[in-house]
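1. Sequence below, structure please.
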Amino acid sequence: MTDDLEWINNKVPIWKHAVKPCKIREFCLYGSLVEMFPLQDPPRNKMSCSEFGHDCPVFYLAEIFIERPLVT
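-> Numbering: from 1, shown residues only. Here you go, the predicted model:
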């Protein structure tokens, strides 16, 4: 990992309609990575983490595709 973290897109949201994984798994899957994303002052928006206040990385790092289950 580099110190400058230029490889992380934390400026431009890719997909604003993503579902936060914490809503599905009931905990934050990104851990300390959340701290590298913009911190929202109140009022927070729908992209903000309800626990930490930063924007959720899923909106910046999401890939827009759906995996379908294998047909048996």
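2. Name the residues linked to L39 by a beta bridge.
-> H54 (DSSP bridges).
3. OK, contacts around it?
-> G53, H54, D55 (Cβ atoms under 8 Å, 6 or more residues apart in numbering). Heads up, the C-betas are built off the backbone N, CA and C, glycines and all.
4. Show me the shaky parts of this protein.
-> 1-7, 66-67, 69-72 (pLDDT under 70).
5. The same query, at a cut-off of 90, please.
-> 1-53, 58-72 (pLDDT under 90).
6. Tell me where it has helices.
-> Ranges of helices in the chain, per DSSP state H, are 21-25, 58-61.
7. just checking, K16 touches Y60?
-> No - taking Cβ atoms under 8 Å as the definition, K16 is not a contact partner of Y60, at 10.3 Å.
8. The two - which one has more neighbours?
-> Y60 (20 against 10; other Cβ atoms under 10 Å).
9. Show me which of the contacts of L39 are buried.
-> H54, D55 (16 or more other Cβ atoms under 10 Å).
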